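Novice: Quick one, structure for this:
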Amino acid sequence: MAEIPFWKGKDAKLLFIFEANKLLVDHVDFEVGIEGDDIEDDVCGEDRARLDFVASHYSVVLNAMQTKTDQITAFINSQKTRDQRAVPKISSMGILIYPNNGTQAAFQCRDYILGKWKMKWSGRKARNSLAIPGRCKYFDVLPTL
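Specialist: Reported below is the predicted structural model:
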């Protein structure tokens, strides 16, 4: 029996709802990981520690390229709103993956907060880049059709 090939970047789509507006992001890579604290309880009379993990949040790293400056404008306006102490608007990311077995998988980063973003451009022929780190409280599996 032939093995199913690994899915690739072309098989994953991202929807970024930044402060209640759809923000087009031509991402070149995307990373989500859980953050928290490792716990080791050393109990007398036992030969190993009792291990546990307490989740804090999820880290999100999105690296992109730009054809326009819509993302930067949105990020700057967001900071201006925060500087005025206005109530922040909700942001989230949706991820849809099409594995090579005909199925679909969907995930959502809920309660997303933008981190220390960076825009970069360099040499004459080099493409621009936009690093969009952030954090979210929840990373959920969503139902698909």
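Novice: Identify the residues contacting the nearest residue to M119 once chain neighbours are set aside.
Specialist: Across the structure, with Cβ to Cβ, 6 or more residues apart in numbering as the measure, the residue nearest M119 apart from its sequence neighbours is L130 (5.2 Å). (Glycine included, C-beta is placed from N, CA and C.) Residues touching L130, when contacts are defined by Cβ atoms under 8 Å, 6 or more residues apart in numbering, comprise 25, 63-66, 71-72, 117-120.
Novice: Which strands border whichever helix or strand L130 is part of, and is each parallel or antiparallel?
Specialist: When secondary structure is defined using DSSP states H and E, the element that contains L130 is strand 129-142. When pairs are called by DSSP bridges, strand 129-142 turns out to pair with strand 50-65 (antiparallel), strand 105-114 (antiparallel), strand 118-120 (antiparallel).
Novice: Tell me the confidence at the spatially most central residue of the chain?
Specialist: The centroid of the chain falls nearest to V60 when counting by Cα atoms, centre = their mean (3.2 Å). The predicted local distance difference test score for V60 is 97.
Novice: hmm, back to that, out of the strands paired with strand 129-142, which is closest to K13?
Specialist: K13 lies closest, by Cβ to Cβ, to one member of the strands paired with strand 129-142: strand 105-114, at 9.7 Å.
Novice: I'm done for today, thanks for sticking with me.
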